[in-house]
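Visitor: here you go, sequence then predicted model.
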Amino acid sequence: MSQGMATVAGAARKPLALAALVLMGMLWGSTFFSMKDLTTRIPVPDLLAVRFMIAAAALGLLAHRHWRMSRTTLWQGTVLGLIYGSAQLVQTVGLAHTAASVSGFVTGLYVVITPFLAAWLLRERIPALTWLAVVLAAAGLGMLTLDLSAGVRIGHGELLTLVSAVMYACHIVAVDRWSTRENSISLTLVTLTVVALECTLAALPGGIQAPSGRTDWLWMMHIALIAGAIPILLQVWAQAVVESTTAAVLMAGEPVWAAVFAVLLGGEVFTWQMGLGGGSMFAAMILVTILPRLRR
C-alpha cells in the first residue's frame, strides 16, 4: 500500500518537477548579461569562488531547519560537488582557448552524452521519443550557439570543454541516482559547499578578488542566488522523479532563454537562426514533457 501511495505521489509531483527544470534553464539563461559584465572586471575563478560561497551560505542559513545530514548524504554531496566544481573550472580553462559560441555548443553536448551514460551506468531504457528529443535539442543548440561563418576547429580548448560536458552529464546521472524528496536540501547544501571550497582553492594562488561597487554586488547576488543556489536545488529536487535524459533536455534550454533575454532586454536583433534553434529546442521539450502525458 505504501509503495503504491509513493508511486501516486511521485506521479503527482512530476509535472511540478518538469516545470522546475524548465525554470532552471530560464534562471541560468538570465545570467547572460551579469556574467558577461562581471567577467570583464573579475577573474572567472574568483567569480566562481565568491558566487558559490554566497550560494552555500544563503541556503545553509535559510534552510537549516530542513537539514537531514547523514554519512551517505555527506559523501554523495561531496562527490556531486567535486564533479560539478571540476566541470565549472575545466569549462573556464577551455573557454580561454576557444570561442565563446563554440564553448557554449560543446558544453551543451551533455544533452547527448547523458542518455548514453544513463543507459550504460543506470541500465536506463531510453524511449525512441526521448532520443528524438535529444537530437532536436542538440540541433537547436548548434543553431543557437555556433557561428559557422567563423569556422570551427578542434583544439585543446574544445577538448577541455568536451571534458566539462562529460562531467556535467556525470553530475546529472549521479543526481538521478542519489536524489530523493527527503535529502534534496541537504544534498544541495553539501554540493554547493564543496563547489565553493574547490573554486576557492583554484582562485587562491592569485588572491580572491571580490566585486567592487553596488552594481557588481547586485549582479553577484543574482548569479549566486537566483541563478546559483535555486537552480541546483531545483535540479536535485526534480530529479528525484524525473529521469536523467529528460532532465538534460530541459536543462539544455538555457541558450534559448539567454537568446530571449538578449532580444527583449539587451537589444539584440532576432534572427532566423535564433528562431530555428529555439523552435527545435522547444520541440524537444514538448517531446519529453507534454507528448508522453497526452499519449497516456
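Guide: Cool, got the structure.

Visitor: list the contacts of I172.
Guide: 110, 114, 235, 239, 244, 247-248, 251 (CB atoms under 8 Å, 6 or more residues apart in numbering). From N, CA and C alone the C-beta is placed, and that goes for glycine too.

Visitor: just the CA trace of stretch 48-64, in PDB.
Guide: C-alpha atoms of stretch 48-64 as PDB (Å, rounded to 0.1, in the frame of the first residue of the first chain):
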ATOM      1  CA  LEU A  48      33.000  31.300  -9.200                       C
ATOM      2  CA  ALA A  49      34.500  31.100  -5.700                       C
ATOM      3  CA  VAL A  50      32.500  34.200  -4.400                       C
ATOM      4  CA  ARG A  51      29.400  33.000  -6.300                       C
ATOM      5  CA  PHE A  52      29.300  29.600  -4.700                       C
ATOM      6  CA  MET A  53      30.300  30.800  -1.200                       C
ATOM      7  CA  ILE A  54      27.300  33.100  -1.200                       C
ATOM      8  CA  ALA A  55      25.000  30.400  -2.600                       C
ATOM      9  CA  ALA A  56      26.100  27.800   0.000                       C
ATOM     10  CA  ALA A  57      25.900  30.300   2.900                       C
ATOM     11  CA  ALA A  58      22.400  31.600   1.900                       C
ATOM     12  CA  LEU A  59      21.000  28.100   1.500                       C
ATOM     13  CA  GLY A  60      22.600  27.000   4.800                       C
ATOM     14  CA  LEU A  61      21.000  29.900   6.700                       C
ATOM     15  CA  LEU A  62      17.600  29.800   5.100                       C
ATOM     16  CA  ALA A  63      17.000  26.100   5.100                       C
ATOM     17  CA  HIS A  64      18.900  25.000   8.300                       C
END
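
Visitor: including neighbour count, distance to M285 and pLDDT, could the contacts of I172 go into CSV?
Guide: CSV is the format used below for these (neighbours: other CB atoms under 10 Å; distance: CB to CB, whole Å; pLDDT from 0 to 100):
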residue, neighbour count, distance to M285, pLDDT
Y110, 24, 16, 92
T114, 31, 15, 94
Q235, 25, 16, 94
Q239, 26, 16, 93
S244, 25, 16, 92
A247, 26, 11, 93
A248, 29, 11, 93
M251, 25, 10, 91
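
Visitor: of all those, which two lie farthest apart?
Guide: Greatest spatial distance among the contacts of I172 (CB to CB): Y110 and Q239, at 13.9 Å.

Visitor: of the contacts of I172, closest to M26?
Guide: Comparing those against M26 with CB to CB places M251 closest, at 10.5 Å.

Visitor: list the contacts for that closest one?
Guide: M251 makes contact with 21, 24-25, 28, 111, 172, 235 under the criterion CB under 8 Å, 6+ apart.

Visitor: all helices of the stretch 101-250 of the chain, in order?
Guide: 110-121, 128-145, 156-178, 184-203, 214-221, 230-238, 244-251 (DSSP state H, counting those that start in this stretch).

Visitor: so which of those helices is nearest L95?
Guide: helix 156-178 (7.1 Å).

Visitor: where does pLDDT dip in the stretch 1-150 of the chain?
Guide: The model of the stretch 1-150 of the chain has pLDDT under 70 over residues 1-12, 33, 66, 99-101, 147-150.
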